[in-house]
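Peer 1: after the sequence you'll find the predicted model.
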Amino acid sequence: MTKRTIVQFIFIVIFIAACKGNSQQHNPATTRGKEYPVLSVTPRDTLLSIPYVAHLQAGRNIEIHSRTEGLLDKIYIKEGQQVRKGQLLFKMNDSELRIELNKAAAAYKSAVADAKVAQVETERVQVLVDKKVITKTELDLVTAKYRALLAKADVALADKNAVQQRISYTNITAPFDGIVDRIPLKEGSLITTASLLTTISDISTVFAYFNISENEYFQTLLNGNNAQQITSISLVLPDGTSYPHNGVLESAESEIDERTGNIAYKARFGNPEKMLRHGASGKLLITRPLQNVILLPQKTVFEIQDKNYVFVVDQGNIARMKHIRVDQRLADYYVVSGGLSANDRIVYEGIQTIREGDRISPKG
């Protein structure tokens, strides 16, 4: 064998070995593959806690206005004070009304006196008519006059009562037990019926208002997840602490907001310690039970063109992309409603380095 023939033979052997090695490198069927942790899909029962942004409102919250005009004489309360139903809050100046009351009382007494005189005259004429001294027409006239004066007395009494009622409006009292808000006006201020004196909030019961989407609302109806299926309704305060009392779900509003596509619900919370205040905010956690659902860690799922996929490992340890349907998010997990079966093996970590059809070595 010549030297040239030997060199050619060596090059052929090296080329065949290189081709064989390259073929083995890219053929997943002939390589063991890189190790990746996997998990088996197992349906189970769990609790789903869905967070909502909530705005708190007092069970009763009303503005206090005066029902009459005048000067604000006295303020008997302080901002933030707890008041009782019927407690005197403000006193308006009633000196002018007292003068009107005196006039109305005098007018009433005068009208009563005139009616008394007419009554005596009617009785006198009645005697004369009975004796046939005068005709019955005279009796009819004095009787009509008497009745007219009685009506005037009734009008005068109504005027007097009206002034007394207006005087009672100068004493402004609390309509219910509650807490006083800011008092914008001071003693001596000129008050009209439009003037805001303060606001009182009854916070013994507090409502947490929150919105859910139109889609979630109809899903709730279709799935039958009504108030009876709710395990608990809890409130997380702005500082991250949990409110110690659970809430009760109240009925929804009758209309869906066409601007936002949301519908409002509210949850009722007892507030015995007066911890919650009107106008505060928080996070509402509504917990519902889920039966026989598949939960996947979020890091096992990747998204392509708004669709969710996972890598499922088949019997030959080949990774295959599979589309799944995600229903809801639960903490660091997805609630999967379709696309997977029990005992499917899912690649748990490292999905960014896997391609469709790669052979892997399952771990765990």
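Peer 2: Arrived safely.

Peer 1: select the longest strand from this protein.
Peer 2: The longest strand of the chain (DSSP state E) is strand 44-65.

Peer 1: excluding its backbone neighbours, what's nearest Leu97?
Peer 2: Distances taken as C-beta to C-beta, 6 or more residues apart in numbering put Ile167 closest to Leu97, at 4.9 Å, once the chain neighbours are dropped. Every residue, glycine included, has its C-beta placed from N, CA and C.

Peer 1: in three-state terms, label that neighbour for me.
Peer 2: Per DSSP: H, G, I helix; E, B strand; the rest coil, the local secondary structure of Ile167 is helix.

Peer 1: on that earlier part again, and whatever helix or strand comes next after the longest strand of the chain, what's buried?
Peer 2: Using DSSP states H and E, the helix or strand that directly follows strand 44-65 along the chain is strand 70-75. Residues of strand 70-75 classed as buried: Gly70, Leu72, Ile75 (neighbour count, 16 or more other C-beta atoms under 10 Å).

Peer 1: return the member of the residues you listed nearest to Asp130.
Peer 2: Gly70 (56.3 Å; C-beta to C-beta).

Peer 1: what sits opposite that closest one in the beta ladder?
Peer 2: Ile191 (DSSP bridges).

Peer 1: just to check, it is in contact with Thr192?
Peer 2: No. Look at Gly70 against Thr192 with C-beta atoms under 8 Å: they stay out of range, at 9.0 Å.

Peer 1: neighbours of Leu101, how many?
Peer 2: Using other C-beta atoms under 10 Å, Leu101 has 19 neighbouring residues.

Peer 1: what's the distance between the closest residue to it other than its chain neighbours and Leu149?
Peer 2: Take Leu101 and drop its neighbours on the chain: the residue closest to it by C-beta to C-beta, 6+ apart is Val163, 4.5 Å away. Val163 sits 21 Å away from Leu149, taking C-beta to C-beta, to the nearest Å as the criterion.

Peer 1: now Thr192
Peer 2: Here Thr192 is placed at a distance of 38 Å from Leu149 (C-beta to C-beta).

Peer 1: specify which residue of these two has the higher count of neighbours.
Peer 2: The neighbour count for Thr192 versus Leu149, taken as other C-beta under 10 Å, is higher for Leu149 (19 against 10).

Peer 1: so which strand or helix has the more buried one?
Peer 2: Counting by DSSP H and E, Leu149 is found in helix 136-168.

Peer 1: helices or strands next to that helix in the packing?
Peer 2: Judged by 3 or more C-beta pairs under 8 Å, 6 or more residues apart in numbering; DSSP states H and E, the packing partners of helix 136-168 are helix 95-130.

Peer 1: give me the buried positions along the helix it packs on.
Peer 2: So for helix 95-130, counting by 16+ other C-beta under 10 Å, buried means 97, 100-101, 104-105, 107-108, 111-112, 114-115, 118, 122, 125, 129.

Peer 1: now for the residue nearest the centre of the chain: which residues touch it?
Peer 2: Centroid-nearest residue in the chain, with C-alpha atoms, centre = their mean: Tyr209, separated by 0.4 Å. Applying C-beta atoms under 8 Å, 6 or more residues apart in numbering to Tyr209 gives the contacts Ala54, His55, Leu56, Gln57, Ala264, Tyr265, Lys266.

Peer 1: the third one reaches Gly282, doesn't it?
Peer 2: Yes. Judged on C-beta under 8 Å, Leu56 makes contact with Gly282 at a distance of 6.5 Å.

Peer 1: residues shared between the contacts of the two?
Peer 2: Ala208.

Peer 1: and stretch 81-101, how far from the chain's centre?
Peer 2: 36 Å (C-alpha atoms, centre = their mean, to the nearest Å).

Peer 1: so for the host helix or strand of Glu216, mean pLDDT?
Peer 2: Here Glu216, judged by DSSP H and E, is contained in helix 214-223. The average of the pLDDT scores along helix 214-223 is 70.

Peer 1: can you pull out the low-pLDDT segments for the stretch 101-250 of the chain?
Peer 2: Along the stretch 101-250 of the chain, segments meeting pLDDT under 70 span 219-229.

Peer 1: Asp181 reaches Glu79, doesn't it?
Peer 2: Yes. Applying C-beta under 8 Å, one finds Asp181 in contact with Glu79, separated by 6.9 Å.

Peer 1: joint contacts of these two?
Peer 2: Thr198.

Peer 1: contacts only, for Val248.
Peer 2: Taking C-beta under 8 Å, 6+ apart, we find Val248 in contact with Ala227, Ile233, Ala267, Arg268, Phe269.

Peer 1: nearest residue to Glu349 in space, please, no chain neighbours.
Peer 2: Per C-beta to C-beta, 6+ apart, closest to Glu349 is Pro37, 5.1 Å.

Peer 1: the one you found belongs to a strand?
Peer 2: Yes. Counting by three-state DSSP, Pro37 is located in a strand.

Peer 1: tell me what the helix or strand hosting Asn308 is packed against?
Peer 2: Using DSSP H and E, Asn308 maps to strand 307-313. Applying 3+ C-beta pairs under 8 Å, 6+ apart, one finds that strand 307-313 makes contact with strand 302-304, strand 319-330, strand 345-347.

Peer 1: before I go, just wanted to say thanks for your time.
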